[in-house]
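# this one's sequence-less:
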């Protein structure tokens, strides 16, 4: 299609949908008919001078996109498709793409840099494109080469390094980059970043250097080469061009992250450079200098945690994992510098925007440092807070409040608690500050205190604190009101583990509960409640208040429930003309479902019964929307009703079944599917045998879910567990589903995880828990139904699964898998009796029981004792 390619590419940008669709179809057809020829045609289009510039750019981008995908599997497939092209054809294509790097047209050069980088990401790890680095080195170091070509070549190197790092583990792991390749890359980049180079070239080189650091460990291990790299970067931090300075600091940030153990010789220089930059350089550069200290603190925090774990396990700390304590050593000088940045607030920035500025960066850095050095931060920050929290200048008042709020997490109660105690009256007064930013930060800081140091709040201050926060809910801006909701939310959450309320019947929240709930519902109705997440913040505060309500406010909850149901019913009649209004309406419906759920959990079956029909009708209507979050909330609320109503819930099953099936088959919104599976379990446990008429369809959907490779893997463990719930409810009537469910369980039991993949190991453990729960439910159900004989053909496979667990238990830190395995041993022995005498006396069974006893966990030990006695009975009886 070479003659028509220019027109076709431009057609892809045509505003006429018909023209655009036809052009896109033509490109797709060309790709499918002969991929190699299509690659070459695009490369030639990009490289040919005199062609339309837009078409050249589109050709390069399309070329790149033939090699790029966000999904790992698709990315690997695209790389493999390129590798499948014969080498001689690939060479011609690569030569054409590489030639475009020397185009006099900037947009063509820049696009060629991206296209060539993608090719390099596929070929360089296999050393299949030696011309690539030679051409780029000649372009960058050549005396007569145009600066624009040098820049595009360095951009290409940077893009290639970034893509190689990102795609290294996609599909089959790529070989490590050869040392001579990294040497050539670094030589080229360092040449570009030299002091005598023009700033645009230095900038491109500095960006490329940052991208190359992920695979230059060999060079960083060599002291001479490392010194050269560090000297080059540090020189660039003093460039006259701000973008070069910022890019150089980005490299230093990367080095702090990847090469912490190599920093010691350079810290004094970096200390001086970053401090001077933070104090006086342009904001974009200063932000990167602050980012260095944030990254350094995060690295040290992680090293401290690793050292603590190794020490606890009695293992030595390797030299590369030793925390030197750079941040702690720098506190005396670093803290004043950061508090100074806090006073550089930008009044023009909308706080709800994601704009990053110096004061935000300084505050974030301070928070990370507080978590790293803990108590050591307090004497360096508290004097600043005490000096400026009531300063006449609002910038200092806000900065002092922000500084205090940022160091609340990290220090112990003993270190920060006395200052929290003293701060409450001052902060409550500051809630009425004339400056909105001060009020906002004050409300946020109070919320943090309620979350992290509630025990340090003086008891006599509690009423003033609650009333102070409540007074800001309706009168202040959405941003400040949201922070007030956050404070109330955290204050209520502090009563989560308050066991005294069950005995005394009350808690400190009770006198304020009715007024707080009423005011928060008024907040929900504010015209500006959609701003700053105010409506969501108010609903969440209401929910936590209800969850932690003491028994003496049950009357308030009984009055609140019909009002919430009424709100939900009325919401269906709300007009929603725009997508935004529709999302807002459905969001409110989901939140209202959540409130009904938390109220129902606080009530008895008798108290809830008069409202169940109305609530259920509303939930079903919510399920007619196409909003996944609404469905999650509605299903969760229905679960609470089913658990409460037990057998009486059966009257809703016929109406619920179609929606339940839709949820079980919703593989795209897998969270909905997960909640629907949980709902099946809750209903089954509640209505037991009455579930039978609905089980054919439900079991089919559960099996489909397990067979669906596109469904998120996190759904599958609860699906397996659900088999056990259904079997336990149906008893002998589970027989029609026995074979297919056991086949699914046996198949799932074969799933293994590599030794070095913690995420997959955790998933396999979840899978095993689901399998064990399923086997337990099936065995108990068939025992209750008198049909354990149906299990005999499967016992060898079930016992083999237990043997696998006894030999291979990785990362079972809470002994969840072990506890369920021991329980299954007991259930098998008690249900199958003499039929399993040969399997049950195997050494691995004894090993599981012994491990269970050794955990020290009371529940697991009791289960092990019971299982051991049942096993012993079989062995002695036989």
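Perfect, I can see it now. Small disclaimer: the values here were computed from a predicted structure and weren't measured.

# so where's the stretch 251-400 of the chain shaky on pLDDT?
Where the stretch 251-400 of the chain drops to pLDDT under 70, the residues are 349-354.

# Helices along that one, start to end?
Using DSSP state H, counting those that start in this stretch, the helices assigned to the stretch 251-400 of the chain run over residues 267-280, 283-312, 326-342, 358-373, 378-388, 394-406.

# tell me which residues in the shortest one are buried?
For helix 378-388, burial by neighbour count (16 or more other C-beta atoms under 10 Å) applies to 378, 380, 381, 382, 384, 385, 388. The way it works is simple: take the backbone N, C-alpha and C, and place the C-beta from them, glycine included.

# what angle sits between that helix and helix 394-406?
Computed with axes from the mean of the first three to the mean of the last three C-alpha atoms, to 10 degrees, the direction of helix 378-388 lies at 150 degrees from that of helix 394-406.

# What is helix 378-388 packed up against?
Contacts defined by 3 or more C-beta pairs under 8 Å, 6 or more residues apart in numbering; DSSP states H and E place helix 378-388 against helix 326-342, helix 394-406, helix 413-430.

# Enumerate every residue touching the nearest residue to residue 471 once chain neighbours are set aside.
Once flanking residues are discounted, residue 471 sits nearest to residue 431: 7.7 Å by C-beta to C-beta, 6 or more residues apart in numbering. For residue 431, the contacting residues are 439, 442, 443, 446, 468, 469, 471, 472, by C-beta atoms under 8 Å, 6 or more residues apart in numbering.

# ok so, going back, farthest-apart pair in the buried residues of helix 378-388, please.
378 and 388 (16.2 Å; C-beta to C-beta).

# still on that earlier bit, ok, the residue nearest to residue 471 to residue 453 distance?
Applying C-beta to C-beta, to the nearest Å, the value for residue 431 to residue 453 is 18 Å.

# Then residue 419?
Distance of residue 419 to residue 453, given as C-beta to C-beta: 9 Å.

# Show me just the buried residues among the contacts of residue 431.
Of these, these count as buried by 16+ other C-beta under 10 Å: 439, 442, 443, 446, 468, 469, 472.

# Kindly give the local confidence score, pLDDT, for the second one.
Going back to what we said before, that points to residue 442. You'll see residue 442 listed with a pLDDT of 95.

# same question, the fifth one
According to the model's per-residue confidence, residue 468 sits at a pLDDT of 93.

# any idea which element it lies in?
Assigned by DSSP states H and E, residue 468 falls within helix 462-470.

# List the buried residues for that helix?
Neighbour-count burial for helix 462-470 [16+ other C-beta under 10 Å]: 462, 465, 466, 468, 469, 470.

# how much space between the fifth one and residue 442?
Computed with C-beta to C-beta, the distance linking residue 469 and residue 442 is 10 Å.

# How about the contacts made by residue 522?
Contacts for residue 522 (C-beta under 8 Å, 6+ apart) come out as 473, 474.

# since we're on the nearest residue to residue 311 once chain neighbours are set aside, how many residues are nearby?
In this structure, residue 311 finds its nearest non-sequential neighbour in residue 317, 7.2 Å apart by C-beta to C-beta, 6+ apart. Residue 317: 15 surrounding residues under other C-beta atoms under 10 Å.

# just to revisit the earlier point, now the buried residues of helix 378-388 as TSV including distance to residue 825?
Below are the buried residues of helix 378-388 laid out as TSV (distance: C-beta to C-beta, whole Å):
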residue	distance to residue 825
378	53
380	57
381	56
382	57
384	62
385	59
388	65
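
# what residues does stretch 734-753 touch?
695-696, 699, 703, 706, 716, 720, 723, 726-727, 760-761, 763-764, 767-768, 770-771, 774-775, 778, 781-782, 785, 787, 790, 794, 797, 801, 804, 810.

# Just the buried residues of that stretch, please?
Buried, per 16+ other C-beta under 10 Å, within stretch 734-753: 734, 737, 738, 741, 742, 744, 745, 748, 749, 753.

# and if you look at stretch 539-556?
539-546, 548-550, 553-554, 556.

# and if you look at stretch 474-485?
Those would be 476, 477, 478, 479, 480, 481, 482, 483, 484, 485, for stretch 474-485 by 16+ other C-beta under 10 Å.

# Could you find the closest non-adjacent residue to the last one?
Looking back up the chat, that one is residue 485. Using C-beta to C-beta, 6+ apart and skipping residues adjacent in sequence, the residue nearest residue 485 is residue 537, 3.7 Å away.

# any idea of the pLDDT on that neighbour?
At residue 537, pLDDT is 96.

# Mind giving me the packing neighbours of the one helix or strand it maps to?
Using DSSP H and E, residue 537 falls within helix 534-547. Judged by 3+ C-beta pairs under 8 Å, 6+ apart, the packing partners of helix 534-547 are helix 478-493, helix 513-524, helix 579-602.
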